[in-house]
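A.B. asks: predicted coordinates and the sequence they were generated for:
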Amino acid sequence: MNLSEYQSGHYEAQYEYQSFMPSLINHPWVIADPALSHLLSQADRALGELNAFSQLVPNVDFFIQMYVAKEATYSSRIEGTQTNVEDAFKDADDVAPEKRDDWAEVQNYIQALNYAVARLETLPLSNRLLREAHATLLQGVRGATKQPGEFRTSQNWIGISLKNAVFVPPHHERVGELMSDLEKFLHDDTHYVSPLLKIAIAHYQFETIHPFLDGNGRLGRLLVPLYLASEQILAKPALYLSDYFERNKTAYVDHLMAVRQGNHLREWLLFFLHGVAETAQSSIAVFKSILLLKERIDRDVLPRFGVRRQENAQQLMRYLYRKPVVDVKTVTELLEITQKTAGSLVDDLVSYGVLAEITGQRRNRLFVFREYLALFTR
């Protein structure tokens, strides 16, 4: 199918409403568009640079966990949560009661993403893996009663009610067929489509099928890094688009709707590829800033600790690159030292400008590695 001839689907009459049946996507695609080709080249190049850079960064898995937390926060924020990246690293007791439901959803997203990436070692990217990730995503939070881990068996919609919906996805009896087609499309090597165009099409299709009763937006965005990891386009899962989608939320939603309503797939692909190129370049810049920050701390801060405290200081810094919010109790347990010794170590890092106290309390104080955290929130 030539991109210019693409038809997104048709409406099917149901009882007192119409549902949208998207066209199948597992077929030959002819995408001969100069603007798309140019932007695809830019996105591929940026992704290649990010892949190479991520393999050069020592202990890159520490830093990628920061990206996972950022992705979880921004993907959930698109759905209306009010948490932030700093909150994602706090324990439940340290989060304001009115934010705990949002915090729990972000924690579930982090678990679902980490679980799914690890699962790719033994299971291909598939409907089964997506259902498993969905079960983790919805465990114990809002939506926990909406068939976690199972494709929906009833109609859903986007909007305030079915009668006044902005969009009504396909009837639940169509979900199995459509998700099977999507899975085949992701793995079909007989009809070549550039991987970035393929996952852009697949993301649109997933969101249009809306195969679950809840959590479709978050899982559909999680599909992007999973696909890039499964195809080994990135050696490390270091590209997450939810920040780009959240900053351009209106355009993101409008582009998806424009495909359904007016067959504007080309415009969605341009929007998606621009996001890949922009996000990859931003991620490279962050990695470079991390290396400069780490080099400065290794040179100017750690030598201030004597020989006996040096190992503890280094171990705590390694922990902070993975989780930049900490309290004295955690440091005590991490380093297996006394609370007094842990408190002294934290106080020194505060005085050296590495940590900052964020509660203003005398007890149960929390400290944040603010300069590092800021690299992921600017």
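C.D. replies: Arrived safely.
A.B. asks: all strands for the stretch 251-378 of the chain, in order.
C.D. replies: With DSSP state E, counting those that start in this stretch as the criterion, the stretch 251-378 of the chain has strands at 325-326, 356-357, 367-368.
A.B. asks: tally of neighbours for Gln261?
C.D. replies: 12 (other CB atoms under 10 Å). For every residue, glycine as well, the C-beta is placed using N, CA and C.
A.B. asks: so what's it closest to, chain neighbours aside?
C.D. replies: Ser8 (7.8 Å; CB to CB, 6 or more residues apart in numbering).
A.B. asks: touching, the one you found and Leu24? I think so.
C.D. replies: No: taking contacts as CB atoms under 8 Å, Ser8 lies outside contact range of Leu24: 11.3 Å.
A.B. asks: and those two? Which one has more around it.
C.D. replies: Between Ser8 and Leu24, counted using other CB under 10 Å, Ser8 has the larger neighbour count: 19 against 15.
A.B. asks: show me what the helix or strand hosting Val68 is packed up against.
C.D. replies: Assigned by DSSP states H and E, Val68 falls within helix 60-78. Secondary-structure packing of helix 60-78 (3 or more CB pairs under 8 Å, 6 or more residues apart in numbering; DSSP states H and E): helix 85-88, helix 100-119, helix 216-230, helix 242-247, helix 265-300, helix 307-322.
A.B. asks: residues near the residue nearest to Trp103 when sequence neighbours are not counted, how many?
C.D. replies: Leaving aside its sequence neighbours, Trp103 sits nearest to Val95 (CB to CB, 6+ apart; 4.7 Å). Neighbour count of Val95, defined by other CB under 10 Å: 18.
A.B. asks: and the nearest residue to Arg152 once chain neighbours are set aside, how far from Tyr74?
C.D. replies: Nearest residue to Arg152 in three dimensions, chain neighbours excluded: Leu213, at 4.7 Å (CB to CB, 6+ apart). Using CB to CB, to the nearest Å, we find Leu213 at a distance of 23 Å from Tyr74.
A.B. asks: helix, strand, or coil at Val175?
C.D. replies: Using DSSP: H, G, I helix; E, B strand; the rest coil, the structure places Val175 in helix.
A.B. asks: Phe212 is in contact with that one, correct?
C.D. replies: No: judged on CB under 8 Å, Val175 makes no contact with Phe212 at a distance of 9.0 Å.
A.B. asks: got the contact list for the closest residue to Leu3 other than its chain neighbours?
C.D. replies: In this structure, Leu3 finds its nearest non-sequential neighbour in Ile31, 4.8 Å apart by CB to CB, 6+ apart. Ile31 makes contact with 3, 193-194, 197, 269, according to CB atoms under 8 Å, 6 or more residues apart in numbering.
A.B. asks: quick one on the thing from earlier: find the residues that touch each one of Val175 and Phe212.
C.D. replies: With CB under 8 Å, 6+ apart as the test, Val175 and Phe212 both reach 151-152.
A.B. asks: does Leu269 touch Ala200 like I think?
C.D. replies: Yes: contact criterion CB under 8 Å: Leu269 and Ala200 qualify, at 5.3 Å.
A.B. asks: distance-wise, check the residue nearest to Gln261 relative to Glu173.
C.D. replies: 20 Å.
A.B. asks: same check, this time on Glu336
C.D. replies: From Glu336 to Glu173 the distance is 58 Å (CB to CB).
A.B. asks: of Leu213 and Tyr74, who's got more company?
C.D. replies: Taking other CB under 10 Å, Leu213 and Tyr74 do not tie; Tyr74 has more neighbours (25 against 21).
A.B. asks: for that one, which non-adjacent residue is closest in space?
C.D. replies: Take Tyr74 and drop its neighbours on the chain: the residue closest to it by CB to CB, 6+ apart is Ser242, 4.1 Å away.
A.B. asks: do Leu291 as well
C.D. replies: Val57 (6.7 Å).
A.B. asks: so for stretch 248-268, what gets flagged as buried?
C.D. replies: In terms of neighbour count (16 or more other CB atoms under 10 Å), stretch 248-268 has its buried residues at 248, 252-260, 263-266, 268.
A.B. asks: farthest pair in the residues you listed?
C.D. replies: The most widely separated members of these are Asn248 and Asn263, with 21.3 Å between them, by CB to CB.
A.B. asks: what sits against the residue lying closest to Ala238 once chain neighbours are set aside?
C.D. replies: Using CB to CB, 6+ apart and skipping residues adjacent in sequence, the residue nearest Ala238 is Ser54, 4.6 Å away. Residues near Ser54 by CB under 8 Å, 6+ apart: 60, 64, 234-236, 238, 287.
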